[in-house]
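J.: have a look at this fold, sequence not included:
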């Protein structure tokens, strides 16, 4: 099962990398890219979810559904995507991709106080290596503008 998860992670990473590169190759306003991506995803996924996937949505409290809709639908999908597309436009896909490597480190460090997760020495070493690579990769080489 671990291999399936790893393959799905690689597929997701590849899709995100492709999206990032396409943003640079076919420049469009960040708001247009965000709306197109979020609405396109909804049009493809929602009918599949509605028709074929099991759901207990009818048992959930309306307040919980609304809170999740605002958090997941607006903040996580729309606002985060808009900020990401703005970052790609202003910083470039290479810099944004390198800086995204810092996200796992920040998540792991935040999980210690927020979720009481332990950090092993091996995890810390991996986080340090990824963070160092992101910092070194994001630095501008001398003479390049």
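T.: Now that the structure is in, tell me what you want to look at. Quantities reported herein were computed from a predicted structural model and do not represent experimental measurements.

J.: got a pLDDT number for residue 29?
T.: On pLDDT, residue 29 comes in at 90.

J.: now for it, how many residues are close by?
T.: Counted by other CB atoms under 10 Å, the residues lying close to residue 29 total 11. Just so you know, the C-beta spots here come from the backbone N, C-alpha and C atoms, and that holds for glycine as well.

J.: gap between it and residue 84?
T.: Residue 29 is 14 Å from residue 84, where distance means CB to CB, to the nearest Å.

J.: same thing with residue 43?
T.: Remark: distance between residue 43 and residue 84 (CB to CB) = 20 Å.

J.: so what touches stretch 96-110?
T.: If you take CB atoms under 8 Å, 6 or more residues apart in numbering as the criterion, stretch 96-110 is touched by 17, 20, 84, 87-88, 91, 117, 119, 123, 127, 130-131, 133-134, 137-138.

J.: any idea how far apart the tips of it sit?
T.: Criterion CA to CA, to the nearest Å; first-to-last residue distance in stretch 96-110 is 21 Å.

J.: what about that stretch, average pLDDT?
T.: With pLDDT averaged residue by residue, stretch 96-110 scores 81.

J.: stretch 3-16 now?
T.: Computed over stretch 3-16, the mean pLDDT rounds to 88.

J.: what do you get for stretch 131-145?
T.: The model assigns stretch 131-145 a mean pLDDT of 66.

J.: domain boundaries for this protein, per the record?
T.: As given by automatic domain parsing, the domain ranges for the chain are 19-92, 101-140.

J.: now do the helices in the protein.
T.: 2-25, 30-52, 62-68, 80-91, 93-100, 102-115, 121-138 (DSSP state H).
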